[in-house]
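> Just a sequence and a predicted model for now, questions to come.
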Amino acid sequence: MAEFGIPILADKYPVTMDMWPVEDQRFNRIYPFYENLKQGRFTTTRCTKCGFISWPPRVLCPECYALDEMEWVDLPMRGTVLTFSEEIRGVPLGFDSPLIHAWIDFGENAPITRFLSRIANCPAGTLNEGDEVKLVVFDIPPHPIEVKKDVVMSERVFFAFEPVNK
Ligand SMILES: [Zn+2]
């Protein structure tokens, strides 16, 4: 368990301050996104009626309002940093410093050309515009869910991008 510096939250952090989604199929209709992440695929939804590609993934098309007419399409797993911000002090509880967010260029032929993401595994002061970054998938604390009066721990993952050459 990471040390978050607030003794009253020791060992309670994932329950009291959980900022991650519940990814289990029984509670989340875009659960295939997380299942794909676990397989190393970075995906989103494409509407089979009008072709609109959403980010984040959806069950309802924001363009034509078709419901449950989505297919999963792959997104690029590498891109180039267009611009970024780097927070050193005062990062939100549960995040390590530096907390870096970047606009990533996926290229003009990608389903989504620009993407805002957290940049992980990157020391402060080392990221530059134009750097190549790649997808990284990591475990986050499992979430307790109730299944027929039993509590089971649902394993979860999330993603960020990280520098390719660091
Ligand atoms: Zn549509």
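Yes, it's here.
> Just the CA atoms of the longest helix along the chain, as PDB, please.
For the chain, the longest helix by residue count, based on DSSP state H, is helix 31-38. This file holds the C-alpha atoms of helix 31-38, laid out as PDB (Å, rounded to 0.1, in the frame of the first residue of the first chain):
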ATOM      1  CA  TYR A  31     -16.300  -3.300 -20.000                       C
ATOM      2  CA  PRO A  32     -14.900  -4.600 -23.300                       C
ATOM      3  CA  PHE A  33     -12.600  -1.600 -23.300                       C
ATOM      4  CA  TYR A  34     -10.900  -2.900 -20.100                       C
ATOM      5  CA  GLU A  35     -10.900  -6.500 -21.300                       C
ATOM      6  CA  ASN A  36      -9.200  -5.300 -24.500                       C
ATOM      7  CA  LEU A  37      -6.700  -3.300 -22.400                       C
ATOM      8  CA  LYS A  38      -5.800  -6.500 -20.400                       C
END
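> which element follows it toward the C-terminus?
Next in sequence after helix 31-38, counting helices and strands by DSSP states H and E, comes strand 43-47.
> Which phi and psi values does the residue sitting furthest away from the middle of the chain adopt?
Computed with C-alpha atoms, centre = their mean, the maximum C-alpha offset from the centroid of the chain is found at residue 149, amounting to 30.1 Å. When quoted as degrees, to the nearest 10, the phi and psi of residue 149 stand at phi 70, psi 0.
> can you pull the contacts of the residue nearest to residue 74 when sequence neighbours are not counted?
Of all residues not flanking residue 74 in the chain, residue 43 sits nearest, at 5.6 Å (C-beta to C-beta, 6 or more residues apart in numbering). C-beta: built from backbone N, CA, C; applies to glycine. Residues in contact with residue 43, defined by C-beta atoms under 8 Å, 6 or more residues apart in numbering, are 32, 33, 36, 37, 57, 72, 73, 74, 75.
> could the residues you listed go into a markdown table alongside distance to residue 23 and pLDDT?
Shown next, in a markdown table, are those (distance: C-beta to C-beta, whole Å; pLDDT from 0 to 100):
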| residue | distance to residue 23 | pLDDT |
| --- | --- | --- |
| 32 | 10 | 97 |
| 33 | 8 | 98 |
| 36 | 11 | 97 |
| 37 | 9 | 97 |
| 57 | 12 | 97 |
| 72 | 15 | 98 |
| 73 | 19 | 97 |
| 74 | 19 | 97 |
| 75 | 18 | 97 |
